[in-house]
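Q: structural data only, the sequence is not supplied:
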Ligand SMILES: C[S@@+](CC[C@H](N)C(=O)[O-])C[C@H]1O[C@@H](n2cnc3c(N)ncnc32)[C@H](O)[C@@H]1O
């Protein structure tokens, strides 16, 4: 079944375990209560994330600090309606700009490109395959059907640049 805790869905948990290497720096801008990230953020202060910022501000902060990630998890709300609901749960009111998901995702993808090491991986989740642009190559797509009339979850592993060994010395 679908779950707000995307990463608890068994085939998705399996995908994550295959793509996150031990010791990796994992940035999760939409973490909810997930502990998979080593640097986590979620707008909602009632979650266990380390930071409670808008995802674009959080990624910009990491970029300005010169932080680099081996893996970025990208599991935002999947629709404008979900964005509005998330903001309400966080006690905030979503503006028109906040619900323009295509525009927001474009900004987020660019910031993720900045903080990801060459050869690093983005694991993205949603109702489309949400490609990250010419600098990225798709390495795996997993379609998770939830039965009935539920939307499938589309999970994509994309690599930044050409295929490099993540932990090859000094790969930034
Ligand atoms: C699909 S859930 C993430 C679920 C998580 N991956 C898991 O498996 O538990 C999306 C999360 O994004 C948060 N969120 C929504 N809009 C946000 C924003 N603009 N910036 C940061 N977090 C946001 C919500 O509070 C929600 O917890």
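A: Thanks, I have the structure now. Predicted model only: the values in this text are computed from it and were never measured.

Q: so what pLDDT did the spatially most central residue of the chain get?
A: Among the residues of the chain, residue 74 comes closest to the average C-alpha position under Cα atoms, centre = their mean, at 1.0 Å. Note on residue 74: pLDDT of 97.

Q: okay, now the unreliable bits of the chain?
A: Residue ranges of the chain with pLDDT under 70: 162-172.

Q: try it again with 80
A: 130-131, 162-172 (pLDDT under 80).

Q: show me what from it comes close to the ligand.
A: Counting by Cβ under 6 Å from any ligand atom, the residues of the chain close to the ligand are 4-7, 29-30, 32-34, 41-44, 47, 54-55, 75-77, 83, 86, 90. C-beta: built from backbone N, CA, C; applies to glycine.

Q: so which of those belong to helices?
A: 55, 83, 86 (DSSP state H).

Q: sorry, back to before: can you say which of the residues of the chain next to the ligand are buried?
A: Buried members of the residues of the chain next to the ligand, counted by 16 or more other Cβ atoms under 10 Å: 6-7, 29-30, 32, 34, 41-44, 47, 54-55, 75-77, 83, 86, 90.

Q: quick check: the residue lying farthest from the centre of the chain vs residue 88, distance?
A: Distance from the centre of the chain peaks at residue 148, with 26.1 Å (Cα atoms, centre = their mean). According to Cβ to Cβ, to the nearest Å, residue 148 stands 25 Å off from residue 88.

Q: all helices for this structure, in order.
A: According to DSSP H, the helices that the chain contains are 10-19, 55-65, 80-89, 96-99, 101-115.

Q: looking at those, which is nearest to residue 161?
A: helix 101-115 (9.9 Å; Cβ to Cβ).
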